[in-house]
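**Q** With the sequence up front, the predicted model follows.
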Amino acid sequence: GQNIDQPTEMTATEGAIVQINCTYQTSGFNGLFWYQQHAGEAPTFLSYNVLDGLEEKGRFSSFLSRSKGYSYLLLKELQMKDSASYLCAVRTNAGKSTFGDGTTLTVKP
Amino acid sequence: NAGVTQTPKFQVLKTGQSMTLQCAQDMNHEYMSWYRQDPGMGLRLIHYSVGAGITDQGEVPNGYNVSRSTTEDFPLRLLSAAPSQTSVYFCASSTDPWAGNTIYFGEGSWLTVV
């Protein structure tokens, strides 16, 4: 099975940087995804890591260490619209994707 | 530009009733899945399919059936609805699951069982 842990809630200030961590235990690892979900909406894709290292996409970056079972999502220059839940998901070689419970980020002025 | 289409968007059921949540995608994706999301929680995998004619169970399959007779459609059936099945349901699809592709989600179906 898979076990995915991420903090339940985080708060940050507009314009700041925030790092959301995700740890996982799985067999047959085939990639890690980060999704953003606003209340009442479907998740939307942010990033994908399958190899170790940092992937950067504008204000969002995601890091993966497969040996440590660890990833983080880094959000820079925070905006009010970044207030949302951030879901970490791990995919296995069998094609199944399992999601963590999500981190609710509140951005304050 | 349909993507993944789920119907209905909202549904109220009485305990013991059965119903089917419809899901269709027009992107020729092989991989489709159903998730449920309870308040304050992440997505939990109910059933998934890696291609037409192939389905498998996820984390929380009890009380649900699926079939995949075509590549496009992946309906989710609730056999005898229970209040514990009150949730938001998301259908998702993607291409080859072994490739670095995103999962595309439908807009969700809000189901209440009374």
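**A** Sure, I can see it.

**Q** which element is the residue of chain A found nearest chain B on?
**A** Of all residues in chain A, residue A:95 sits closest to chain B, at 3.4 Å by CB to the nearest CB. Every C-beta, even on glycine, is put in place using the N, C-alpha and C of the backbone. In the assignment (DSSP states H and E), residue A:95 maps to no helix and no strand.

**Q** Surely it and residue B:49 touch.
**A** No - look at residue A:95 against residue B:49 with CB atoms under 8 Å: they stay out of range, at 9.4 Å.

**Q** Show me whatever sits in contact with both of these two.
**A** residue B:31 (CB atoms under 8 Å, 6 or more residues apart in numbering or on different chains).

**Q** for chain A, what are the low-confidence residue spans?
**A** A:1-2 (pLDDT under 70).

**Q** Show me what from it comes close to chain B.
**A** Residues of chain A lying near chain B by CB under 8 Å from any CB of the partner chain: A:4, A:30-31, A:33, A:41-45, A:48, A:50, A:87, A:89, A:91, A:93, A:95-102.

**Q** which of those are buried?
**A** Those of those that meet the buried threshold are A:4, A:30-31, A:33, A:42-43, A:45, A:48, A:50, A:87, A:89, A:91, A:95-102, by 16 or more other CB atoms under 10 Å in any protein chain shown.

**Q** Paired strands for the host helix or strand of residue A:87, with orientation please.
**A** Element membership for residue A:87, per DSSP H and E: strand A:84-92. If you go by DSSP bridges, strand A:84-92 pairs up with strand A:29-37 (antiparallel), strand A:97-99 (antiparallel), strand A:103-108 (antiparallel).

**Q** from the chain's centre, how far out does whatever helix or strand comes next after the first one sit?
**A** Toward the C-terminus, strand A:29-37 is succeeded by strand A:44-49 as the next helix or strand (DSSP H and E). The chain centroid and the centroid of strand A:44-49 are separated by 8 Å, computed with CA atoms, centre = their mean, to the nearest Å.

**Q** Buried residues in the next helix or strand after strand A:44-49, which are they?
**A** Next in sequence after strand A:44-49, counting helices and strands by DSSP H and E, comes strand A:53-57. For strand A:53-57, a neighbour-count test (16+ other CB under 10 Å) marks residue A:55 as buried.

**Q** Show residues contacting strand A:53-57.
**A** A:46-49, A:61-64.
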